[in-house]
Structure formats: structure tokens, C-alpha cells
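Next input, structure requested:
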Amino acid sequence: MPIPRFPDLRRRRRPVRRLPLGLPLFSFVLLGLAAISGLIYLVAVLSPGFAAWFNGTVAAFFRALLAHLTGWLPVSLAELMLLSLPLLLVLLAVLLWCFGCSSWRAALRSVAVMLSVASLFFTSFVFTLGTGYHTAPLDRRLGLESSEVSKETLRATAEVLALAVNEAAEEVTFGEDGFSVMPYDLDGMNGHLLRAYERVCEDYDFIQPLKSRLKPVMLSHAMSYTHITGVYSYFTGEANINVYFPSYTVVYTAAHELAHQRGIARENEANFVAFLVTEASDDPYVRYCGYLNLFEYVSYALWAVDAQAYREVTTLLSPAVRAELQAYSDFFEEFRDSAAADVSDAVNDAYLKLNGSEAGTASYGLVVDLAIAYFAKEG
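Below is the predicted model:
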């Protein structure tokens with residue numbers, strides 16, 4: 001019978017390796033991802049070619065993944081997260097008070113863990129939309145030649161758009177309140193825009209083909225005081241729409257946010273892609289919304305340089321269309337002077353400038369330059 005062997009209890013245990021500050025492993029993983037993301041973003045800033053490749057491959061994968069993961073929800077996950085933020089902050093403060101502030105070391109560890117979790121927002125930004133701000137300009141990708149922006153070109157473009165609006169308006173129904181009537185619900189609008197995007201994606205391979213679901217903002221009326229009609233939340237992959245605004249702006253806003261969801265990051269470019277998509281639609285109301293919104297951008301730019309020419313161009317619009325524009329002006333009066341809008345505009349302006357848009361929030365109106373170049377080529 002063999003003699004049984006027992007473990008030598010006198011052996012010393014191997015020393016346990018502890019991470020700095022006693023941080024959990026996931027914090028170092030998240031901080032490491034943030035460092036990699038920073039490097040990717042820096043290369044994208046320096047190389048438009050790399051930015052285009054990353055935005056069209058790696059970032060496209062993660063945008064699609066997030067859109068599919070959150071698409072089954074009928075409401076906006078981003079909005080739910082925002083609404084639950086005060087409660088989460090209170091819970092976090094209680095946890096820090098009870099467990100995280102027993103010593104300076106514990107306090108530093110808690111702060112480091114929170115920073116590592118917060119770094120996820122930067123990482124998701126880079127891996128979804130961030131590099132899209134540094135691709136080649138849209139006019140170059142569309143093969144458009146820069147055209148002079150003058151009173152003459154502004155007026156000529158506004159006149160073309162006015163005639164296009166009138167033609168589309170012939171198949172549109174208008175209510176007694178002056179507003180045009182969208183002949184379907186949000187899901188129906190979603191379907192029309194997705195089909196239009198399929199057509200545009202066939203012509204322009206840098207626009208990502210994607211099936212996705214628009215998300216109505218539950219607090220749309222409150223959101224209106226910020227003058228925000230829609231927002232793409234890159235960390236959830238959702239195109240969120242303020243549904244309190246008139247229908248003709250909702251359609252165009254939806255096309256704009258869907259453009260962000262497909263990797264078109266700059267605001268003026270998302271505006272113009274929204275126009276290309278609405279123009280390509282087989283639905284007259286979608287086309288009407290696209291032409292009218294672009295007309296507003298171009299005609300307001302004309303008004304800034306020649307008010308008399310602006311008044312003359314607006315007389316080209318049909319009475320029903322002019323009534324809609326007046327109804328919108330009356331509608332917006334409730335929200336025109338808003339402190340919330342000043343704050344949101346300042347934040348958005350800083351965000352856009354931080355991502356390379358020197359014009360900040362004024363970049364939305366740069367769609368006029370693209371419109372003039374586009375119609376000069378078409379004409």
C-alpha cells in the first residue's frame with residue numbers, strides 16, 4: 001500500500017498582486033480603451049483618409065450594433081437615462097458617503113472608478129461618430145464644385161426651391177390651422193425615410209445602409225424650449241425626435257438625425273443629406289418637407305443680404321405654403337425667448353467647435369453653400 005502524500009502546509013502562499021489604489025480590473029480596462037480611443041481620434045484629426053476608413057468600417061459596425069440593440073424599445077433609452085440621472089446621482093452620493101470616503105485613499109479610488117466609467121462616453125463617441133467630423137467635406141464626396149454665395153445665386157436657388165415646394169404642395173393636405181397634414185404616423189414616416197435612404201445609399205457608398213427606428217421624445221413639449229428638434233445619442237445609437245413641432249419640420253429633422261446615425265457627423269452635411277433623402281422619396285409629403293425646409297435656409301440667407309429680394313421670392317410660394325410658414329412663426333412664439341435655449345445653444349456651440357467646426361451652431365446654416373453648389377450643377 002503506497003504511502004499517501006499530503007500537501008506541505010509549510011509552503012508560503014504566493015503574494016497577491018494588487019492594482020494601484022486597489023482599483024478593480026474593469027476600471028483599468030475602461031481607461032485603457034479611452035487611451036486607445038484618444039489615439040484613434042488624434043490620427044483621424046490628422047488624416048481624413050483614416051477618418052473616412054474608420055467611420056465607414058469600425059464605427060459603422062458599432063453604430064449599427066447600438067441601433068439594433070436599442071431598436072426594440074418603443075421609447076428612447078437615452079431619454080430614460082437622462083430622466084433617471086438625478087436619482088442615480090443621489091444614490092452615488094449616498095454610496096460614496098457610506099463606503100467611499102472612509103479615507104483619502106478610498107476617496108481617490110472612488111473618484112478613479114467614476115472617471116473610468118465616465119470615459120465610456122468618450123470611447124463610444126470615438127467608436128461611433130467622432131471620426132466622422134474629420135472626413136473629407138461632403139461637397140468633395142458628392143463631386144460638387146464650390147459656387148459663389150451671392151445675392152444672385154441665393155435668389156436663383158431660392159426661386160428653384162420655391163417652384164419645387166409648390167409642385168410638391170399640390171399633393172399635400174393642409175389643415176384649418178394652416179399646417180400641412182402628415183398622412184401617416186411616426187412608423188409610417190420612418191418607413192418612407194428608410195426606403196428613401198436605400199435609394200440614396202445606392203448612389204453614395206459613404207452613406208451607411210441601415211435599418212433603424214426613430215424614437216419620439218416623451219418630453220417633447222419641454223424639449224421645445226431648448227429649440228432642439230432632434231438629437232442623435234451616439235452612446236445608445238438612437239435618433240431621437242421632438243414630435244411636438246409641426247409635421248413638416250419633424251420629417252426633415254428625422255431625416256437629419258438618421259443621417260447622423262449613418263455616420264454623417266457635421267451638421268450642415270447632415271442637413272444636406274436629409275434634403276437628398278427627402279428629394280429621393282417616392283412620397284410627395286416627404287419631398288414637400290425637404291424642399292420647404294431647404295427653402296427656409298436659403299431664403300433666410302437671402303433675407304440677411306437683401307430683404308427686398310427675400311420678400312419677392314416668398315411671393316412665388318403658393319398661398320397654402322405661405323400660410324404654413326406663418327403658422328409656424330405663430331407656433332414658435334411660445335418658445336422664442338427661452339433661457340433654456342440659450343444654455344443648450346451654448347453647449348451645442350462648444351461641442352461643435354471642439355469637434356472641428358469653427359462655425360459652431362452656425363454650421364447648420366452652411367447647408368446653403370451645399371444647396372447653391374448642388375443646384376448650380378443640376379441647372
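
In three-state terms, label the residue nearest the centre of the chain for me.
Nearest to the geometric centre of the chain sits residue 232, at 3.3 Å (C-alpha atoms, centre = their mean). What DSSP: H, G, I helix; E, B strand; the rest coil gives for residue 232 is strand.

Could you pull up the contacting residues of residue 159?
Going by C-beta atoms under 8 Å, 6 or more residues apart in numbering, residue 159 touches 313, 316. The C-beta positions use only the backbone N, C-alpha and C, and glycine is treated the same way.

ok, back up a step: just the pLDDT for the residue nearest to the centre of the chain.
Looking at residue 232, its pLDDT is 96.

Show the contacting residues for the closest residue to it other than its chain neighbours.
In space, and not counting its chain neighbours, residue 232 is closest to residue 260: 3.7 Å by C-beta to C-beta, 6 or more residues apart in numbering. Residue 260 is in contact with 129, 232, 234, 239, 270, counting by C-beta under 8 Å, 6+ apart.

Which of those sits closest to residue 108?
Nearest to residue 108 among the contacts of residue 260: residue 234, at 30.1 Å, using C-beta to C-beta.

so the closest one makes contact with residue 122?
No - Residue 234 is beyond contact range of residue 122, at 10.6 Å (criterion: C-beta atoms under 8 Å).

one step back: please identify which of the contacts of residue 260 is nearest to residue 202.
residue 270 (19.3 Å).

Could you tell me how many residues sit around that closest one?
26 (other C-beta atoms under 10 Å).

same deal with residue 34?
The burial count for residue 34: 19, using other C-beta under 10 Å.

Which positions within the helix or strand hosting it qualify as buried?
Here residue 34 sits within helix 25-46, counting by DSSP states H and E. Within helix 25-46, the residues scored as buried using 16 or more other C-beta atoms under 10 Å are 27, 30, 31, 33, 34, 37, 40, 41, 44, 45.

Identify the farthest-apart pair in those.
It's 27 and 45 that sit farthest apart of these, by C-beta to C-beta, at 27.0 Å.

since we're on residue 57, how many residues are nearby?
The number of residues near residue 57, taken as other C-beta under 10 Å, comes to 9.

Could you measure from it over to residue 165?
Separation of residue 57 from residue 165 (C-beta to C-beta, to the nearest Å): 38 Å.

what do you get for residue 124?
Taken as C-beta to C-beta, the span from residue 124 to residue 165 is 39 Å.

of the two, who's got more company?
Between residue 124 and residue 165, counting by other C-beta under 10 Å, residue 165 is the more crowded of the two (25 against 20).

Now do the contacts for the more buried one.
Contacts for residue 165 were tallied using C-beta under 8 Å, 6+ apart; they are 288, 291, 292, 295, 317, 318, 321.

go again using 7 Å as the cut-off
The contact partners of residue 165, taken as C-beta atoms under 7 Å, 6 or more residues apart in numbering, are 288, 291, 292, 295, 317, 321.

for the closest residue to it other than its chain neighbours, helix, strand, or coil?
Of all residues not flanking residue 165 in the chain, residue 291 sits nearest, at 4.5 Å (C-beta to C-beta, 6+ apart). Counting by three-state DSSP, the backbone at residue 291 sits in helix.
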